[in-house]
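> Got a predicted model here, sequence first, then my questions.
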Amino acid sequence: VTGVDELRKLRDAEAQHEALTALLDELAGVAERFEGHVHQLDAERMTFVFGVPVAHEDDPIRAVHCALALRDAAAATGARLGVPLALKAGVDIGTLLVSGSRRGSSRLTGAVLLDAQRLEESSAPGLVLASAAVKKLTGTAVSFGAQESVVPRGNDEPLRAVSVEWLREAGSAGRSEATLAGRRRELEALSSALSRAEKGAVVAVLVTGEPGSGKSRLLEEAAVLAARAKMRVVCARADRAVDAELALVTRLLRSVCQALCAAHPTPCSEAQALASAGLAPQSVARLSAIVENKPRPSTADARLTEDADLAEAFAAAARQATLCLVADDLHLADSRSLAILADVLRRAEGAHGLALLGTSSSPAAATLGIPGLVPLALGPLSAEEVVQVAGQKIGGRLPGRAAALIRDRAMGNPFYARQLAQLLVDTGSIQLLGDGWQVSPAIEQFAVPASLQLAVEAQLDRAGGPCITLLRVAAVAGQSFSEDLLRQTLGSDFPLQAAVAEALERGLLLPVEGAAQTLRFAQAVVRDALLAKALRADLKQLHLRLAQAIEAGAPAPEGDREPALADHYLAADVADRAIYWAARAATELQERGLLAAAATYHKMALQTGLPLLGRPPVTERNAAWLLRQLALALPCLTRVCQSDALALAEAVLDKVPTGSATAERAEALRQKALLLIQASRIAEAERALDEALRLVRHSRDPEALATVLGDQGAALEARGDLEGAAEKLTESFQTVGARPTRNQDFYWEHLNRLGRVYARLQNMVKAKEFFNLARDQARRVASLVGETKTVINLAGVVAAEGSPTDALALLDRALELALRSGDRVEQARIHYNAGRLLLTARRNGEARERLQLAAEAAREVGWREGLALAGQALDTFRAA
C-alpha cells in the first residue's frame, strides 16, 4: 500500500495506531470474504494465499477478484482517513510447501511467493499485475490488458505479466455458483440438517445422482456452511476402485487429528490431540498406529477393539464441538469403514452434534448399511439452469443459438453442459467479440456429442499434446495423484505446469481439497475415456514408467508404496517385480491389521508365481520361496476366505515337487491342516499333519517337530479324543525340552492348551497346574495377552473347585491385565464370567452391573456372540 507514510505523520500516536489498525482490519476482512489465507499482514506488504488450507477449483479467479477488491478498499479507506492510499498488487500461481499445520500454524515456502512479490514491485499504484499462468487459468472470466510485460527474475527465465482490468462477470465474493444452479432446494436441505446438528442432533445425509450432476460440489458448499457455523469439518474421499480396508476412515481420522491439533491451545502431536479428546492411553496408542501406518495386531479381537477405538475417536471429537464428517463417493468405501461410520452415529447421540454428509452414484444402495442415512437425490437441471452453468463456464452470456443447443442436448447435466460450452469455444463455433460472445459460421459444422462420454472424448481430442500426455499418465496412476509422481514419471524436461494449467482450465482435473500438490479427475468418466482409448501396449508402458518412478522415490498414492508397485508391475507384465512387491505389500498390510487388503496381495504373489514354476527347471530356491509365501499367506487368507485359502494351498502344494524344499513344505502343510481343522475337516487335517511330521522328523529342528506334534494334539482335541490330545501335547513338550524357541509364545500357548484339555477331562488338578505354568511363561515373555487368557482359564478351574471368591479375585486380576492391553473383547468376557459367578453367589446387584458392563463392552467392539450371551444372562436375571 502506497501512502502509508502519510498515516505515520499524524501527530497523535494513538491516531496513528487507530488509522493503521483500521486499514489492516479492512483489508484482512476483504481477503477473508474471498477465503484468502493471510500469510503476511503489515502496513508495508500483505500476502494472501488461496488454496490453503482448502483448495477450490476457482482459486485463480478468487485471487484476482480479491486483488481488485483490495485495491478499491485501500482507496476507500484512504479517502475516509483523508490520506491518498493506493494499492499495487501482483498475482501468481504455483506450488507451495505447507508445513507445521498440524501444530496449529502453517509455514509457507515456495518460489511463487517471490514471483508474486516481483510482480507487485513491478506494478504501479492502483495497478494489479498477474502472471501469464494466472491469465490462462482464469480463462474468459477476467479481462486483461493486451500488452504483456516482462518482469526480470535474476538468472531465471523472465516472468511474463499482464495487467488486470476487470472481471467480466463479477459474481458474489467467494466461490463460483455455476455448479449450484438449480440446487437451492438441496442446499437448503443440507443447511437444515446442519442446523439440527448445531442444536445437538445426529444427522446423516447421502447425496445421490448420476456422474456430473454436482454431488461433490454441493457437498463442498455444505462444508463451507458448516465451517462458517464454527463446526469442526473433516473431509475425505473414497477411492475410484474398491477402496482398501479402513482407507476412508483412516483419511477421516487424519483429518480429525489435524482439526484437534488446530484447536489445541499449544502445538501438539496427533497423539496428544487424541488424548485431549478424552481417549484412553491404549486407544490413543492404537489410533496413532493407524494414522502412522504402523504394524498392529490382526487377531479378530484386536480388530474389534480397533474398530471401537475409531468410532469412539469421532464421537469424542463430536463431544468437544459439533462435528461435520464429509465423505465423498461413499458408495466406493470399504465395508469396514461403513460399519465404523454407522457406529459413530450411534455413539454420538448426546454429544454436541454430528453431521455425516456423503455422496453416492449408486442410488439403488442408498443407505449403504448405515441406519438413519437419508438419501437426497439430485435430479436433472432445468433447461435454463444448464444454460446458466454453461455461461459461467465461458464467463459470459451464451448467444441464442448456442444456448438453444446446450438447452436441448445437455440432458440437465451440469458437467455435460460445461463440456459442450468448452467445445463450442474450442471449435470456434462461438467467439468473443467486444464485450460478448457471438455465434460464428463454424457452428454449422458443430457436431454435438451424443453423450457425456463422447463430449469428454471430444474435449480430450482438442487438448494440447503435453496436456493429453499428462492426462494419460494420470489415468493410469489413479483417480487422484500427486504432481511429484507425474513429474518424476514424465521427466524434468516435460512442461508439467503448463499441462496441468490446461487440464484445470478445461475442467478435466481438479485440485484435491486439503492436499498440497495433489490433483484428481473432475469426473470418473474422464479417466474412463482416457483408459478406453489407450492401446494395451501403451498402458503396459505407462504402468512400467509409473512403477519405475515410484521405485526410484516418487510418492505413491496414500503412501502405499508396496501395493502400488505390485499393481503397476503386474499390469506391465513384469512378473518377477510384481511377485516381489506383492509379497512385500501383503506382509506390510498384514502387519497393519488390514487383512482383506493383505489377502489380495498374498493371492497376487502366489497366483503370479505359480506359472513360473511350470518353466523348467524348477529350482529349489523358487520352490522354497513359493512354499514359504504360502505358509505366510494361509493364516491371513483363512481369516478372509477359507475357500480361496484352501484352493491356493492345494494348487501350490500340487505344483511343487514333493522332494523339494522339505522344511518349507512341512510348514505349508501344517498351515493347511490348521485351516482344515477350522473347517471341521479333521481327517484331511490329520493326513496333512502326518505328511508334515514325516518331513520334519529328518530336519533336526526340535521346535518344528514339537509344533507339528502340538497341532496333531489340536486335531485330536477337535475330534473329541481328549486323552490322545493330552498325550500329543505332552510329547510336544518333551521334544522341545527346555530349549529357547523362535516363537516366544510357544510355551505358554502349548501349556494353556494342555490346561484346557485337562479341564475338559475334569482333571482340575492337572488343569490348574498347566494354567499356572502357562501364566508364568506368559509373564516371562511379557505377553499381556497370554497372561490374561491363562488367568481367565485359571479362574474357571478355581470356580469349578468351589471357590467363587478366589475365582472373582483372579478375574479382577485378569481385568487389570486386559485394561492395560486395551483388549475390549477380553474385558467383555471377564465381566460376563464375573457376572455369572456373582449370580451363583446371589450377589444380584453386582451381578447385574457386571453383566451390563459385559454387554456394553461387547456392543462397543461389535462382538455379537458376547452381546448375545450377556443379553441372555440379563434376561434370565430379570426373569428370576
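All right, it came through fine.

> Name the residues of the longest helix seen in the chain that come out as buried.
Among the segments of the chain that qualify as a helix by DSSP state H, the longest is helix 59-81. Of the residues in helix 59-81, those buried under the neighbour-count criterion (16 or more other Cβ atoms under 10 Å) are 59-71, 73-75, 77-78, 81. In short, each C-beta sits where N, CA and C put it, glycine included.

> Would you tell me what the next helix or strand after the lowest-mean-pLDDT helix or strand in the chain is?
The helix or strand of the chain with the poorest confidence is strand 149-151; it has a mean of 75 (mean pLDDT, DSSP states H and E). Heading C-terminal from strand 149-151, the first helix or strand you meet, by DSSP states H and E, is strand 159-167.

> who does that next one pair up with?
When sheet partners are counted by DSSP bridges, strand 159-167 sits next to strand 128-131 (antiparallel), strand 142-144 (antiparallel), strand 149-151 (antiparallel).

> which residues make contact with the helix or strand just after that strand from outside it?
As assigned by DSSP H and E, the chain's next helix or strand after strand 159-167 is helix 184-198. Outside of helix 184-198, the residues within contact range by Cβ atoms under 8 Å, 6 or more residues apart in numbering are 180, 203, 205, 207, 218-219, 221-222, 225-226, 229, 231, 322, 324, 353-355, 357, 376, 378.

> in helix 184-198, what's buried?
Along helix 184-198, the positions that meet the burial threshold by neighbour count (16+ other Cβ under 10 Å) are Glu186, Ala189, Leu190, Ala193, Leu194, Ala197, Glu198.

> Nearest residue to the residue most central in space within the chain in space, ignoring adjacent ones along the chain?
The central residue of the chain, meaning the one whose C-alpha is nearest the mean C-alpha position (Cα atoms, centre = their mean), is Arg251 at 3.3 Å. With Cβ to Cβ, 6 or more residues apart in numbering as the measure, Ala236 is the residue that lies nearest to Arg251, at 3.6 Å, once sequence neighbours are left out.

> now do Glu684
Leu676 (4.9 Å).

> picking that back up, other SSEs contacting the longest helix of the chain?
For helix 59-81, the contact count by 3 or more Cβ pairs under 8 Å, 6 or more residues apart in numbering; DSSP states H and E identifies helix 13-33, strand 46-49, strand 89-91, strand 128-131, helix 132-138, strand 159-167 as packing neighbours.

> Show me the one of those that comes nearest Ala455.
For these, distance to Ala455 was read as Cβ to Cβ. The smallest value, 21.7 Å, belongs to helix 132-138.

> what comes into contact with that closest one?
Around helix 132-138, the neighbours that count as contacts under Cβ under 8 Å, 6+ apart are 60-61, 63-64, 91-94, 130, 142, 144, 148, 160-162, 497, 501-502, 504-505.

> mean confidence score for it?
When pLDDT is averaged over helix 132-138, the result is 82.

> residues touching the closest residue to Ala277 other than its chain neighbours, list them.
Across the structure, with Cβ to Cβ, 6+ apart as the measure, the residue nearest Ala277 apart from its sequence neighbours is Ala316 (4.1 Å). Each residue near Ala316 by Cβ under 8 Å, 6+ apart is listed here: Ala277, Gly278, Leu279.

> Can you point out the helix or strand that includes Ala316?
Secondary structure assigned from DSSP H and E places Ala316 in helix 300-320.

> Which neighbouring elements make contact with the following helix or strand past that helix?
Moving toward the C-terminus from helix 300-320, the next helix or strand (DSSP H and E) is strand 323-328. If you count contacts as 3+ Cβ pairs under 8 Å, 6+ apart, strand 323-328 packs onto helix 215-228, strand 232-237, helix 247-263, helix 300-320, helix 335-347, strand 354-360.

> Of those, flag the one that's most buried.
Among the helices and strands packed on strand 323-328, strand 354-360 has the highest mean neighbour count (mean count of other Cβ atoms under 10 Å), at a mean of 27.

> how about the CA coordinates for it, as PDB?
The C-alpha atoms that make up strand 354-360 are tabulated as PDB, following Å, rounded to 0.1, in the frame of the first residue of the first chain:
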ATOM      1  CA  LEU A 354     -22.700 -34.600  14.400                       C
ATOM      2  CA  ALA A 355     -23.500 -34.400  10.700                       C
ATOM      3  CA  LEU A 356     -22.400 -37.100   8.200                       C
ATOM      4  CA  LEU A 357     -22.700 -35.900   4.600                       C
ATOM      5  CA  GLY A 358     -21.800 -38.300   1.800                       C
ATOM      6  CA  THR A 359     -22.300 -38.700  -1.900                       C
ATOM      7  CA  SER A 360     -23.100 -41.800  -4.000                       C
END
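
> That one pairs with which strands?
Checking strand 354-360 against DSSP bridges gives partners strand 202-208 (parallel), strand 323-328 (parallel).

> Quick one, which of those strands gets closest to Gln852.
Closest approach to Gln852 among the strands paired with strand 354-360 (Cβ to Cβ): strand 202-208, 23.3 Å.

> any idea how far the residue lying closest to Thr109 once chain neighbours are set aside is from Arg107?
Among residues not flanking Thr109 along the chain, Leu97 sits closest, at 4.8 Å (Cβ to Cβ, 6+ apart). When Cβ to Cβ, to the nearest Å is applied, the distance between Leu97 and Arg107 equals 8 Å.

> from memory the residue nearest to Thr109 sits against Gly110, does it?
Yes: the pair Leu97 / Gly110 is scored as a contact, 5.8 Å apart, by Cβ atoms under 8 Å.

> more crowded one of these two?
For Leu97 versus Gly110, the count of surrounding residues by other Cβ atoms under 10 Å is larger for Gly110: 15 against 10.

> Send me stretch 412-423 as CSV with only the CA atoms.
Listed next in CSV are the C-alpha coordinates belonging to stretch 412-423 (Å, rounded to 0.1, in the frame of the first residue of the first chain):
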residue,chain,number,x,y,z
GLY,A,412,-29.9,-31.5,-17.4
ASN,A,413,-26.3,-32.5,-16.5
PRO,A,414,-24.1,-29.5,-15.4
PHE,A,415,-20.8,-31.2,-16.2
TYR,A,416,-22.1,-32.1,-19.7
ALA,A,417,-23.2,-28.5,-20.2
ARG,A,418,-19.7,-27.2,-19.3
GLN,A,419,-18.1,-29.7,-21.7
LEU,A,420,-20.3,-28.6,-24.5
ALA,A,421,-19.6,-24.9,-23.8
GLN,A,422,-15.9,-25.6,-23.9
LEU,A,423,-16.2,-27.4,-27.2
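
> Could I get the buried residue list for stretch 586-604?
With burial defined by 16+ other Cβ under 10 Å, the residues of stretch 586-604 counted as buried are 586-590, 592-604.

> Ends of it, what's the gap?
With Cα to Cα, to the nearest Å applied, stretch 586-604 spans 9 Å between its terminal residues.

> Which positions in the least confident helix or strand of the chain come out as buried?
Of the residues in strand 149-151, those scored as buried under the neighbour-count criterion (16+ other Cβ under 10 Å) are Val151.
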